[in-house]
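**Q** Show me the folded form of this:
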Amino acid sequence: MVEIVHEVRKQLIAKIDGNVTYNSANVPIYNFTPYNQATPFIRIYTTDQIENFYNSSSYMLEVNIRIDVVTSFDGDSGGELKANQIMSQVLNLTRTRTSGYIDLSSNNASVTSVTNQGVTYNESFEKDRTYVIGNLDLQFQIQLL
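**A** Numbers count the residues shown, from 1 in each chain. So this is what the prediction gives:
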């Protein structure tokens, strides 16, 4: 059995990078967010990987990935709209049907399903900034061949 989560994130980053914009500017995506990164940006990370089935010839893994859309505003001048618009683009790229699944064949694996486990939005306040963070939880069922 292999650790497949890195490859899942790598493939998702490749799908999103350069394909999500806000006000005609690309929204950067990170696995690790640089210090003092300006908003908006997208962050992707693994929440867990679970072996949920195996037999003598293969394993089935459940891989849970979170994609955060991070936006901010001066004071209380903003809202969720910017995060909603960016999240919509992320969803269109990542929550696809079979023909659009990420390709893990070079790792002797294949995605059998992708499920949107939900999108939530949270607000936080820091001095004179309001942050709105959209969280998309995706669940991948992956067969290791």
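**Q** List of residues touching the longest strand along the chain?
**A** Counting by DSSP state E, the longest strand found in the chain is strand 109-126. Strand 109-126 is contacted from outside by 2, 4, 7, 60, 64, 80, 83-84, 87, 91, 94-96, 101-102, 104, 130-145, using CB atoms under 8 Å, 6 or more residues apart in numbering. Where you see a C-beta, it was placed from the backbone N, CA and C, and this is true even at glycine.
**Q** in the chain, which helix or strand is least confident?
**A** Ranking every helix and strand in the chain by mean pLDDT, DSSP states H and E puts strand 41-54 at the bottom, with a mean of 90.
**Q** Could you name the helices and strands sitting against that strand?
**A** Judged by 3 or more CB pairs under 8 Å, 6 or more residues apart in numbering; DSSP states H and E, strand 41-54 is in contact with helix 5-16, strand 29-30, strand 59-74.
**Q** In JSON lines: the ones you listed, plus mean neighbour count.
**A** As requested, these are exported to JSON lines (neighbours: other CB atoms under 10 Å):
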{"stretch": "helix 5-16", "mean neighbour count": "17"}
{"stretch": "strand 29-30", "mean neighbour count": "20"}
{"stretch": "strand 59-74", "mean neighbour count": "19"}
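**Q** okay if I get these as JSON lines plus mean pLDDT and distance to E51?
**A** Formatted as JSON lines, these follow (pLDDT from 0 to 100; distance: least, CB to CB, whole Å):
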{"stretch": "helix 5-16", "mean pLDDT": "96", "distance to E51": "12"}
{"stretch": "strand 29-30", "mean pLDDT": "97", "distance to E51": "28"}
{"stretch": "strand 59-74", "mean pLDDT": "94", "distance to E51": "6"}
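**Q** would you turn the ones you listed into TSV with distance to T115?
**A** Listed next are the helices and strands packed on strand 41-54 as TSV, based on distance: least, CB to CB, whole Å:
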stretch	distance to T115
helix 5-16	14
strand 29-30	21
strand 59-74	10
